[in-house]
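K.L.:
got a structure for you, letters missing:
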């Protein structure tokens with residue numbers, strides 16, 4: 001059985017598997033798999049959680065015990081670790097982070113030497129090796145550990161290289177919410193070095209304040225700060241710097257769907273296609289269609305978005321939550337790089353962020369969660385299937401219905417989206433009531 005989920009291994013620190021004991025075994029298991037073809041080197045980075053120090057030391061020890069050399073990168077965004085893994089021609093990169101989760105959670109995920117998510121086959125090998133006892137290498141065969149002292153500077157320069165040299169952020173005031181996370185040093189630095197007047201907020205991590213009322217999942221303070229400072233733009237990262245949401249000069253939130261729209265229509269020739277997810281707003285799909293841009297939906301999760309992009313041969317995709325993939329710039333989702341492309345578009349088109357997103361009409365979306373006494377398949381009920389079909393038909397191609405089973409609890413999620421908010425709300429509530437009646441609600 002694989003220990004890896006869709007985004008590595010994640011959970012509450014101190015509770016299996018996010019313990020120092022497991023991290024030690026994981027480091028050893030990964031080291032043995034990676035070193036099978038000879039001496040290997042692994043880059044290890046983290047976000048700002050206190051528990052990261054504990055997991056970092058344990059992983060490092062396990063990797064060294066397996067004969068693997070380790071380069072410590074310190075607190076850096078997840079995409080920075082992916083980039084530096086590739087830049088150093090290392091065999092793998094390891095990120096210690098729980099992304100947008102609270103400080104008491106943590107996680108461990110891997111990148112391949114190409115700076116992409118580790119193949120399932122390699123993860124399965126590592127999982128199998130976890131069941132084997134640790135057999136430490138001879139003292140002269142142990143791995144070494146060193147620290148990359150200029151890791152932040154290298155990543156800053158990489159980010160700047162994705163911004164056109166002919167452009168400058170001079171004259172632009174930007175508020176950047178760092179979520180007390182991994183981007184607290186590099187994000188303000190990149191914007192300053194490109195010429196912007198930068199107002200950083202939530203950039204003093206204590207180890208226990210990451211994502212606490214701030215960052216991409218809590219943009220309210222950023223919206224307020226943009227208006228208070230009369231800023232041109234606001235940017236909010238999440239704890240590990242792979243998600244971004246933005247705020248225009250009017251204080252309006254610009255989510256991942258809107259960012260995708262801006263980037264897809266950036267140049268003289270629109271993007272060939274964009275990959276979103278099942279949760280991407282239908283307004284995005286229709287707006288892109290109006291611009292001649294193809295749109296494809298993948299399952300929720302950047303791993304699935306990446307797979308769909310590879311299959312279609314496209315370069316731009318992402319999620320409404322702000323995980324944006326610009327594969328012509330980076331091998332993985334990178335909040336700062338995605339934000340820089342939006343800023344470049346503002347300058348190139350000499351339009352505000354509000355103007356760039358004005359053509360995107362976001363549809364009202366209503367989600368109702370129905371908790372059952374036990375999980376049952378809504379699509380196995382003929383009455384429900386007929387009701388779903390009738391609801392879809394009533395939206396007349398200008399809306400959609402999404403019925404999903406939770407993967408972790410006996411909950412059916414009923415989502416209806418469309419132009420008419422009154423109709424959408426009624427359909428969602430009526431369908432949720434019917435699901436309760438037909439499948440047996442808990443309450």
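P.N.:
Cool, got the structure. Since the model is a prediction, treat every value here as computed from it, not as a measurement. Residues are numbered from 1 along each chain as shown.
K.L.:
show the contacting residues for the residue nearest to the spatial centre of the chain.
P.N.:
Residue closest to the mean C-alpha point of the chain, counted by C-alpha atoms, centre = their mean, is residue 323 at 3.9 Å. Residues in contact with residue 323 (C-beta atoms under 8 Å, 6 or more residues apart in numbering) are 242-243, 256, 302, 305, 333. In short, each C-beta sits where N, CA and C put it, glycine included.
K.L.:
now list the buried members of those.
P.N.:
242-243, 256, 302, 305, 333 (16 or more other C-beta atoms under 10 Å).
K.L.:
let's have those residues in TSV, adding secondary structure.
P.N.:
What follows is those, written out as TSV (DSSP: H, G, I helix; E, B strand; the rest coil):
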residue	secondary structure
242	coil
243	coil
256	helix
302	helix
305	helix
333	coil
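K.L.:
circling back to that earlier point, spatially nearest residue to the residue nearest to the centre of the chain (excluding sequence neighbours)?
P.N.:
residue 333 (4.5 Å; C-beta to C-beta, 6 or more residues apart in numbering).
K.L.:
so for the one you found, what's the pLDDT?
P.N.:
On the pLDDT scale, residue 333 is placed at 93.
K.L.:
with the one 3 residues further on instead?
P.N.:
We have a pLDDT of 98 for residue 336.
K.L.:
OK, contacts around it?
P.N.:
Taking C-beta under 8 Å, 6+ apart, one finds 77, 79, 159, 183, 186-187, 190, 237, 241, 244 in contact with residue 336.
K.L.:
dump the residues you listed to JSON lines, plus neighbour count and secondary structure.
P.N.:
Shown next, in JSON lines, are the contacts of residue 336 (neighbours: other C-beta atoms under 10 Å; DSSP: H, G, I helix; E, B strand; the rest coil):
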{"residue": "77", "neighbour count": "32", "secondary structure": "coil"}
{"residue": "79", "neighbour count": "28", "secondary structure": "helix"}
{"residue": "159", "neighbour count": "27", "secondary structure": "helix"}
{"residue": "183", "neighbour count": "36", "secondary structure": "coil"}
{"residue": "186", "neighbour count": "25", "secondary structure": "helix"}
{"residue": "187", "neighbour count": "29", "secondary structure": "helix"}
{"residue": "190", "neighbour count": "26", "secondary structure": "helix"}
{"residue": "237", "neighbour count": "31", "secondary structure": "strand"}
{"residue": "241", "neighbour count": "33", "secondary structure": "coil"}
{"residue": "244", "neighbour count": "32", "secondary structure": "strand"}
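K.L.:
what's the farthest-apart pair in these?
P.N.:
186 and 244 (13.5 Å; C-beta to C-beta).
K.L.:
name every strand pairing with the strand or helix carrying residue 235 and say which way it goes.
P.N.:
Residue 235 belongs to strand 233-237 when assigned by DSSP states H and E. Next to strand 233-237 in the sheet, as set by DSSP bridges, lie strand 173-177 (parallel), strand 244-247 (antiparallel).
K.L.:
nearest to residue 129, of those?
P.N.:
strand 244-247 (35.7 Å).
K.L.:
was I right to think residue 20 contacts residue 55?
P.N.:
Yes - with contact defined as C-beta atoms under 8 Å, residue 20 and residue 55 form a contacting pair (6.7 Å).
K.L.:
settle it for me: which of those two has more neighbours?
P.N.:
Between residue 20 and residue 55, counting by other C-beta atoms under 10 Å, residue 55 is the more crowded of the two (27 against 18).
K.L.:
so the more buried one is in which element?
P.N.:
helix 51-65.
K.L.:
which outside residues touch that helix?
P.N.:
13-14, 18, 20-21, 23-31, 42, 44, 46, 70, 72, 75, 94, 96-97, 103-104, 106, 108, 134, 136-137, 142-145.
K.L.:
pull out the buried members of these.
P.N.:
13, 18, 20, 23-31, 42, 44, 46, 70, 72, 75, 94, 96-97, 103, 106, 108, 137, 142-143, 145.
K.L.:
now, which of those residues lie within strands?
P.N.:
When the buried ones among the contacts of helix 51-65 are checked against strands (DSSP state E), the matches are 42, 44, 46, 70, 72, 75, 94, 96, 106, 108, 145.
K.L.:
ok, so of the residues you listed, who is nearest residue 414?
P.N.:
residue 106 (32.9 Å).
K.L.:
and the helices in the stretch 101-250 of the chain?
P.N.:
Secondary structure of the stretch 101-250 of the chain, counting by DSSP state H, counting those that start in this stretch: helices at 120-129, 151-161, 186-193, 220-229.
K.L.:
which two of the ones in strands among the buried ones among the contacts of helix 51-65 have the greatest separation?
P.N.:
Of all pairs in these, the most separated under C-beta to C-beta is 106 and 145 at 20.3 Å.
K.L.:
doesn't residue 69 make contact with residue 141?
P.N.:
No - taking contacts as C-beta under 8 Å, residue 141 lies outside contact range of residue 69: 11.5 Å.
K.L.:
neighbour count winner among those two?
P.N.:
residue 69 (19 against 12).
K.L.:
measure the more buried one to residue 92 for me?
P.N.:
11 Å (C-beta to C-beta, to the nearest Å).
K.L.:
and residue 255, by the same measure?
P.N.:
32 Å.
K.L.:
with neighbour numbers in mind, choose between the two.
P.N.:
When neighbours are counted by other C-beta under 10 Å, residue 255 and residue 92 differ, and residue 92 comes out ahead with 23 against 20.
K.L.:
show the model's pLDDT score for the more buried one.
P.N.:
As predicted, residue 92 sits at a pLDDT of 96.
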